[in-house]
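Chemist: coordinates only, sequence not included:
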């Protein structure tokens, strides 16, 4: 079962920042927060991950609260191509750990 | 140039048949995975292989048998296909562990009639 909860859907205007929240109140100390997205009919795509500190890459920023019970994925300038289902996943480092995809957040970017 | 490729993209077959889906990655990764996405869009891991050795085997019917001839290939063979096997199957690979970035293939849509 997924250890994270996300809102089922969100809308965002093109060019604006999309802020996608994720709750992971039961995350353990050695588990990272991962974000993947799935654009319609395609395979999932890695976005970003973090443990404690905020992270930024060319795709997005990840803000993790100090208590690590929640995080926010930020797409700074959403485009229509960012319309997808976004998955927030808690994942540890054991070889038997696995990506567990929940229901995710369906982000609709509109013109 | 495709990092993770799958064939075929679409597969339509009758109940009771046996079919295979092939997956190849050219990223030099040691670990490969099979995921199933059902009609309700739930995406679940089925198997994980590290350097040809089975690491993760979720509760999957014995009719499903992964085969890894080498670390660049992980094929999925399905015996006695059932209606409930209809889904999209995704192959993925990562450097070593699940925590390494996983790269997914384009998926194979299997329809069992």
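Modeler: Okay, I see it. Because the structure is a prediction, the values reported are computed rather than measured.
Chemist: tell me the residues of chain B that contact chain A?
Modeler: Residues of chain B lying close to chain A (CB under 8 Å from any CB of the partner chain) are B:4, B:41-45, B:48, B:50, B:55-56, B:90, B:92, B:97-99, B:101-107. C-beta: built from backbone N, CA, C; applies to glycine.
Chemist: so which of these are in strands?
Modeler: Cross-referencing the residues of chain B next to chain A against strands under DSSP state E gives B:4, B:43, B:44, B:45, B:48, B:50, B:55, B:56, B:90, B:92, B:103, B:104.
Chemist: ok, which pair from these is furthest apart?
Modeler: Greatest spatial distance among those (CB to CB): B:43 and B:50, at 20.6 Å.
Chemist: more neighbours: which of these two?
Modeler: Counted by other CB atoms under 10 Å in any protein chain shown, residue B:43 and residue B:50 do not tie: residue B:43 has more neighbours, with 24 against 19.
Chemist: which non-adjacent residue is nearest the more buried one?
Modeler: Excluding its sequence neighbours, the residue lying closest to residue B:43 (CB to CB, 6 or more residues apart in numbering or on different chains) is residue A:101, at 4.1 Å.
Chemist: name the SS class of the one you found, please.
Modeler: coil (DSSP: H, G, I helix; E, B strand; the rest coil).
Chemist: what does the one 5 residues further on give?
Modeler: Using three-state DSSP as the criterion, the local structure at residue A:106 reads strand.
Chemist: these two touch, right, it and residue A:85?
Modeler: Yes - contact between residue A:106 and residue A:85 holds when scored by CB atoms under 8 Å: they sit 5.1 Å apart.
Chemist: one step back: which residues sit in contact with the residue nearest to residue B:43?
Modeler: A:2, A:36, A:44, A:87, A:89, B:42, B:43, B:44 (CB atoms under 8 Å, 6 or more residues apart in numbering or on different chains).
Chemist: quick one: pLDDT of it?
Modeler: Looking at residue A:101, its pLDDT is 90.
Chemist: backbone phi and psi for it, please?
Modeler: Phi and psi for residue A:101, reported as degrees, to the nearest 10, are phi -90, psi 130.
Chemist: could you check how far it is from residue A:31?
Modeler: To residue A:31, residue A:101 is 15 Å away according to CB to CB, to the nearest Å.
Chemist: thought residue A:24 was touching residue A:4?
Modeler: Yes - the pair residue A:24 / residue A:4 is scored as a contact, 4.6 Å apart, by CB under 8 Å.
Chemist: beta partners of the residue of chain B found nearest chain A?
Modeler: Relative to chain A, the nearest point of chain B is residue B:104 (3.0 Å; CB to the nearest CB). Beta-bridge partners of residue B:104, counted by DSSP bridges, are residue B:92.
Chemist: where does it land on pLDDT?
Modeler: 97.
Chemist: which residues touch it?
Modeler: By CB under 8 Å, 6+ apart, residue B:104 lies in contact with A:43, A:44, A:45, B:4, B:35, B:90, B:91, B:92.
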